[in-house]
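# sequence plus predicted model, see below.
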Amino acid sequence: MAGRNRPTDLNPTSSKTHVDGQSRDAAAGPYDSWYSGAGLVGSVIVAQLFMRVPVLRPMMIRRLCGRLLATCAVSTVAAAVAATQAVSASEFSDADDLIRGLMSRETVHGVALALIKDGRIVLEKGYGLRDLETQAPVTTATLFNIGSISKSFTALGIAQLVDRHQVDPDAPVIKYIPELRLDNPQAAPVMTLRQLLSHSSGLPADEQWPPRVPATRAGIVAEFASIPITAPPGTRFQYRSRCIVLAAYILERVAGVSWEAYTRAHIFEPLGMVTASFGPNGLEEAPDRALPYRHSGKLVPWSRLQYLGPLAPGGGVDANINEMANYALFQLGDGTTSGHRLVSTQMMAELHRPAIIVGADWPAAARVQNLHYALGWFTGDVHGVHLVYHNGANPGFRARILLVASVIDSVRVL
């Protein structure tokens, strides 16, 4: 959805977007608002992907989409919901009027929507504009940055390496990067890949890292030597994107190719994500791409999001709504796609299995029971229904994916 956006800010705890794209909003609750009213400065986002369902009890798609877009007044949205209960096609019939009304009310300029029922996409459509200057419309092929949902792709890549016995998620990280230096040398022999992917490595949250992202992944890895360990590894949830980059760095070392090349060959291509790409280059090279906007007296495009290159494993994937619909369908399955196995059933379950409890200070903790982080995903319960979800936030972009296997099928909105 494209609409208003807050300015870049170095302090995620102030409910504003961090310069590296990762704010507490980016990983807040499945139904949390994307912004706190005063924190918004009104910037258009014709670039965001969401996967979420706003309510957990069986209900009309009208209410589902209503709350979804109402909380996404900031950008493009993609939503994914899975369910075992039947939902009639008539419940999707007023989606057009509903979304256009919400876009007008919430000052949202572009949206792409997909609905999934019984394992198939029943609605897929673009709304509004992806480029305010050219008046180009959002289509189902429009590319959006999906922010921290990118973390789930990195976790999936690691899971594939586990299946091939190329990595052990519970082995020390220094087994794969012997030259890694940490501020506390005693943490190095016990910090694991699982802890990196579940934000439980003992390294501090994003706001305690340098505000500027190094230009290379090697530069990001070098930062670890000067960042204090703030908790024993495996004991505390502390959300940070650099640890996902370190996991991707291990993938690159083991696989012998870049994270981008691996992800394209082993995840994008099997899932039919043929236009999905990475970072600012991926958006700039796409003929059908959404532009992120900010408010500076008038609506103007954000400058180039350069940091999304080195930080891509944690926040730099670009994809369209059709591709994310296919990705959601895959995540709702057993690790296969079109008869081809991407990951074992056991590792697919492991990706969604709670790994570390999320503390009460996290924004979603008051609204989601049993809130945990798994491997690249949040998990929790609302009204007795178990959720698997993740949000994403970068300047001019918002994203959300939420999987509810027991309630409704799937919805995606950009």
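Everything's here; your move.
# mind listing what's buried along stretch 305-318?
305, 307-318 (16 or more other Cβ atoms under 10 Å). C-beta: built from backbone N, CA, C; applies to glycine.
# following the chain onward from whichever strand or helix holds residue 245, which element is next?
Residue 245 is part of helix 242-255 when elements are defined by DSSP states H and E. Going down the chain from helix 242-255, the next helix or strand is helix 259-263, by DSSP H and E.
# which residues touch the helix or strand following that following helix?
Going down the chain from helix 259-263, the next helix or strand is strand 277-278, by DSSP H and E. Under the criterion Cβ atoms under 8 Å, 6 or more residues apart in numbering, residues 143, 260, 263, 283, 285-286, 308-309, 312, 316-319 lie in contact with strand 277-278.
# what is the following helix or strand past strand 277-278 packed up against?
Sequence order places helix 279-285 as the next helix or strand after strand 277-278, per DSSP H and E. In terms of contact count using 3 or more Cβ pairs under 8 Å, 6 or more residues apart in numbering; DSSP states H and E, helix 279-285 is assigned the packing partners strand 317-319.
# give me the sheet partners of the strand it packs on and which way each runs.
Note on strand 317-319: by DSSP bridges, its sheet partners are strand 144-145 (antiparallel), strand 277-278 (antiparallel).
# contacts for it, please.
49, 143-146, 149-150, 153, 263, 273, 275-279, 282-283, 286, 289, 327.
# one more time with 6 Å
For strand 317-319, the external contacting residues (Cβ atoms under 6 Å, 6 or more residues apart in numbering) are 143, 145-146, 150, 153, 276-277, 282-283.
# let's have these in CSV, adding pLDDT.
Formatted as CSV, those follow (pLDDT from 0 to 100):
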residue, pLDDT
143, 93
145, 91
146, 91
150, 97
153, 98
276, 97
277, 97
282, 93
283, 92
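# got a markdown table for those, with distance to residue 173 and neighbour count too?
Formatted as a markdown table, the contacts of strand 317-319 follow (distance: Cβ to Cβ, whole Å; neighbours: other Cβ atoms under 10 Å):
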| residue | distance to residue 173 | neighbour count |
| --- | --- | --- |
| 143 | 33 | 26 |
| 145 | 28 | 38 |
| 146 | 26 | 36 |
| 150 | 20 | 32 |
| 153 | 20 | 26 |
| 276 | 28 | 25 |
| 277 | 28 | 24 |
| 282 | 28 | 22 |
| 283 | 31 | 23 |
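# for residue 226, state which of those residues is nearest.
Residue 226 lies nearest to residue 150 out of the contacts of strand 317-319, by Cβ to Cβ, at 25.1 Å.
# am I right that that closest one is in contact with residue 315?
Yes. The pair residue 150 and residue 315 qualifies as a contact (Cβ atoms under 6 Å) at a distance of 5.2 Å.
# state the distance from residue 275 to residue 217.
Distance of residue 275 to residue 217, given as Cβ to Cβ, to the nearest Å: 24 Å.
# wait, I meant residue 156
Plainly put, residue 156 is 18 Å away from residue 217 if you go by Cβ to Cβ.
# check residue 200 too.
Separation of residue 200 from residue 217 (Cβ to Cβ): 21 Å.
# neighbour count for the two, which is higher?
The neighbour count for residue 200 versus residue 217, taken as other Cβ atoms under 10 Å, is higher for residue 200 (24 against 21).
# give the closest residue to that one in space, chain neighbours not counted.
Excluding the flanking residues, the one nearest residue 200 by Cβ to Cβ, 6 or more residues apart in numbering is residue 356, at 4.1 Å.
# quick one: contacts for that neighbour?
Applying Cβ under 6 Å, 6+ apart, we find residue 356 in contact with 198, 200, 237, 373.
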